[in-house]
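[1] heads up, no residue letters with this:
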């Protein structure tokens, strides 16, 4: 590389001129490495200008020359304190640099109180947001310490603790004031407004927005005002404004959006004020319901901006030079060299008040505005993203993030509005905004991209435009708000399977894990943590991404969250991420890794006891997945998992189906171990599982049936199931469930219960409830066997059976297998004891149980099944081939049992041949 572009900054009075210069002399050392110390001063200053104040101050401390350059007055004319916490100490440390500070932006009460320590008495402009707690005292001190103020803006949050007394103090102290915009003040009385009229002769722009009460009569005394906004302000007596406001000879723009102004007042304002050019009245119900005003397009050369007017056309009429491309009317207007100062002020004011009103309307989301948003609103917001006013850009991006949302709790957005943003080029604009070096713009743009990406089509467009890489880079930001919104964008994008790989390739997985490590050590980072864990949970559902999450320390990070964070949303997403990581037990080692991480199982068991259903559901799901690993299964029980999960099952009868399914599933997973199965029975787990098995939800009763099948293997639990009324429940499932798996596992549970092993327990009274409940085993046995037989017969095609009985051809057996196979049963994994139980059942005197056992072994050994090879090995070890041949040849055995036994033998032979190959 032999050329570089650097920017040279020249000073012309108070104006900064930014130009490009080509320099062929790189400051490289003998190794060809850039020597930062030898960079030209103006290049260093330009680099400094792209940093926030903390990074700028930090970089200045690296060497003496940079410390001098870092204090250059041109770098400290504007200061944005919003990205980072600014307290009294931080402000005092910046004081030596702020002697020439002209413009300041801050966020929150703490920063407001700290500003006086900057000692920037020459400040011309102060703008603050998130100032709900700001009081009269704070605002009065700000005014007293900065008497040269020309612009003061506090909002858009409601500042209900500020009263007219503070406004009066501002008027007395800041006599050079030209612009005053305050939001949400309780009351602006006549004394405050008259003080502004008396002491601020240059005050041209007033905004009392969303105030509860404003003295409309006193406003007529501020004769210097050119632009007035009372948007969202209630209790204005519109029938009284004409006479006092007629004393405003320079009034050019009036904003009455979101008020109860009437049509008659609008028409009278237009006819009475010769200087008035623009009246903005967005979302004024009284106007929108007046058909006469809507149809009246003749306002004597004045422009009415409302949801029922063509706003862009109206703005275009203010300049004779704009005739085409009205969608870019604001941008085109600024390009005209002939635009005078007055026109520029009108343009700046219009952008400000319209963007503010659109944001407020999007937050309230009143009904009946769909057509407006689709045809005008989104285009206006796109136009404001292109503006030179940073505040307007931020507000436009926030409005785009807001107006598409229907239900924030359930992450539901309006498809039409989201696609309107995409159709009008909004994605490209937002991504460009996200590339800005200004952190405020980055966070607002990332938030908009995140919300819009809930829509699959928009998410695809974001990915195609390079948005994933942009968000992954923003997720590395040290700014909490930027990182939080970027993580939220990756969370929503990671819902789509097609985006997971791209996120991993862009370094998004490591960025998200690093965010957890960083913000879990500090307070106030809950939003970052929840979004990061949520994104990782989505990514962990993909096998390849799951391994990536584990390889960059994701398991440790997520376990630490589950153990230490007390915020419900963070706990829920951390547990969900661990559940998804543990779901790939057959393809990678993450299941074992999660279980072996120190404190992981104890943390999940503790989360089972959370008062929030979402947390309990995800924690139970994680334990369910982890229980597929033998070591995890026993460790969960040792950590108190049996007791916690039984208590969960007992308490979730009225909870969501998702929670019920996972509670039953975790008990199902633990009950694979007979020790755990016995413990579940003793803890009272049988009764709640029977209750869940009665659920109408297929997933719930299917999972509960699986747990009861495992429990029924133990004779003591089998008797408990009988005593708790479980036989009718299982019989109902066996005969009526739409789930083949629920019917299958219910039949197997009934077969375990009545293959004879429970009889001895019933006689000796081992069950804790046998003495208090009289149980008719004979009646229950008849009911169970009858329904087992009916279940097996539903998979027995008589014609196929007859063909198979009359022929030894493979095709005949294949036809029976195809009609009898339950595909999902191939995912079940049985232990050696369970396989031995079915082999023993083949010798049972009951022909029904023989047929059931052969049918079950057929399901477990079908070639291609997930655990078929495992089951074949167990059958070989148990000497099953000899028993199967005897069953297949038995003269008194039912035809179904004989055919199924032949199929199992054939399956064993096929597996043997396959192993030889």
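    Nice, thanks for sending it over. None of these values were measured; they are calculated from a predicted model.
[2] so residue 665 makes contact with residue 705?
    No. Between residue 665 and residue 705 no contact is recorded; they are 11.3 Å apart, counting by CB atoms under 8 Å. For the C-beta atoms, the positions are set from N, CA and C on the backbone; glycine is no exception.
[3] Counting neighbours around each, name which of those two comes out higher.
    The residue with more neighbours, out of residue 665 and residue 705 and counting by other CB atoms under 10 Å, is residue 705; that gives 29 against 24.
[4] Isn't that one up against residue 731?
    No. The pair formed by residue 705 and residue 731 falls short of the contact definition of CB under 8 Å, at 11.5 Å.
[5] where do the contact lists of those two overlap?
    With contacts taken as CB atoms under 8 Å, 6 or more residues apart in numbering, the residues that reach both residue 705 and residue 731 are residue 746.
[6] show me where pLDDT drops low in the protein?
    By pLDDT under 70, the weakly predicted segments of the chain are 1-35, 37, 296-299, 320-327, 333-339, 585-586, 762-775, 914-917.
[7] where along the stretch 651-800 of the chain do the helices fall?
    Secondary structure of the stretch 651-800 of the chain, counting by DSSP state H, counting those that start in this stretch: helices at 657-670, 674-682, 686-693, 698-712, 715-723, 726-736, 740-753, 757-764, 777-793, 798-806.
[8] Can I get those helices in CSV including distance to residue 843?
    Formatted as CSV, the entries for the helices of the stretch 651-800 of the chain read as follows, by distance: least, CB to CB, whole Å:
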stretch, distance to residue 843
helix 657-670, 28
helix 674-682, 22
helix 686-693, 28
helix 698-712, 19
helix 715-723, 18
helix 726-736, 23
helix 740-753, 14
helix 757-764, 13
helix 777-793, 17
helix 798-806, 22
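[9] Which of the ones you listed sits closest to residue 383?
    Nearest to residue 383 among the helices of the stretch 651-800 of the chain is helix 657-670 (43.7 Å), distances taken as CB to CB.
[10] and the closest one, what does it pack onto?
    In this structure, helix 657-670 packs against helix 613-626, helix 630-638, helix 641-651, helix 674-682, helix 686-693, helix 698-712, with contacts taken as 3 or more CB pairs under 8 Å, 6 or more residues apart in numbering; DSSP states H and E.
[11] Can you add distance to residue 761 and give the ones you listed back as a markdown table?
    Output for the helices and strands packed on helix 657-670, formatted as a markdown table (distance: least, CB to CB, whole Å):
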| stretch | distance to residue 761 |
| --- | --- |
| helix 613-626 | 29 |
| helix 630-638 | 23 |
| helix 641-651 | 21 |
| helix 674-682 | 12 |
| helix 686-693 | 14 |
| helix 698-712 | 12 |
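[12] which one of the ones you listed lies closest to residue 111?
    Each of the helices and strands packed on helix 657-670 was scored for nearness to residue 111 using CB to CB, and the closest is helix 613-626 (34.3 Å).
[13] which residues touch the nearest residue to residue 612 once chain neighbours are set aside?
    Beyond its immediate neighbours in the sequence, the residue positioned closest to residue 612 (CB to CB, 6 or more residues apart in numbering) is residue 568, lying 4.5 Å away. For residue 568, the contacting residues are 610, 612, 614, 615, by CB under 8 Å, 6+ apart.
[14] for residue 568, phi and psi?
    phi -60, psi -50 (degrees, to the nearest 10).
[15] now the one 10 residues further on
    The phi and psi torsions at residue 578 (degrees, to the nearest 10) take the values phi -70, psi -40.
[16] And it, how far from residue 707?
    Taking CB to CB, to the nearest Å as the measure, residue 578 and residue 707 are separated by 22 Å.
[17] So the two - more neighbours on which side?
    The neighbour comparison of residue 578 against residue 707 (other CB under 10 Å) goes to residue 578, with 35 against 31.
[18] now the more buried one, nearest residue through space, not along the chain?
    For residue 578, the spatially nearest residue (CB to CB, 6+ apart) is residue 622, at 4.6 Å.
[19] For that neighbour, the count of nearby residues, please.
    Other residues lying near residue 622 total 31 when counted by other CB under 10 Å.
[20] residues touching it, list them.
    For residue 622, the residues meeting the contact criterion (CB under 8 Å, 6+ apart) are 575, 576, 578, 579, 582, 594, 604.
[21] Let's see that with 7 Å instead.
    575, 578, 579, 582, 604 (CB atoms under 7 Å, 6 or more residues apart in numbering).
[22] Among these, which one has the most neighbours?
    Counting neighbours by other CB under 10 Å, residue 578 leads the contacts of residue 622 with 35 neighbours.
[23] Please report how far that residue lies from residue 625.
    Computed as CB to CB, the residue 578 to residue 625 distance reads 8 Å.
[24] Same question for residue 290.
    For residue 290, the distance to residue 625 - CB to CB - is 61 Å.
[25] Same drill for those two, tell me which one is more crowded.
    Taking other CB under 10 Å, residue 290 and residue 625 do not tie; residue 625 has more neighbours (26 against 17).
[26] What distance do you get for that one to residue 814?
    Taking CB to CB as the measure, residue 625 and residue 814 are separated by 35 Å.
[27] Please apply the same query to residue 522.
    When distances are taken as CB to CB, residue 522 and residue 814 turn out to be 64 Å apart.
[28] go on, residue 629?
    Counting by CB to CB, the gap from residue 629 to residue 814 is 36 Å.
[29] Looking at those two, which one has more neighbours?
    Neighbour totals were compared for residue 629 and residue 814, and residue 629 leads with 21 against 14 (other CB under 10 Å).
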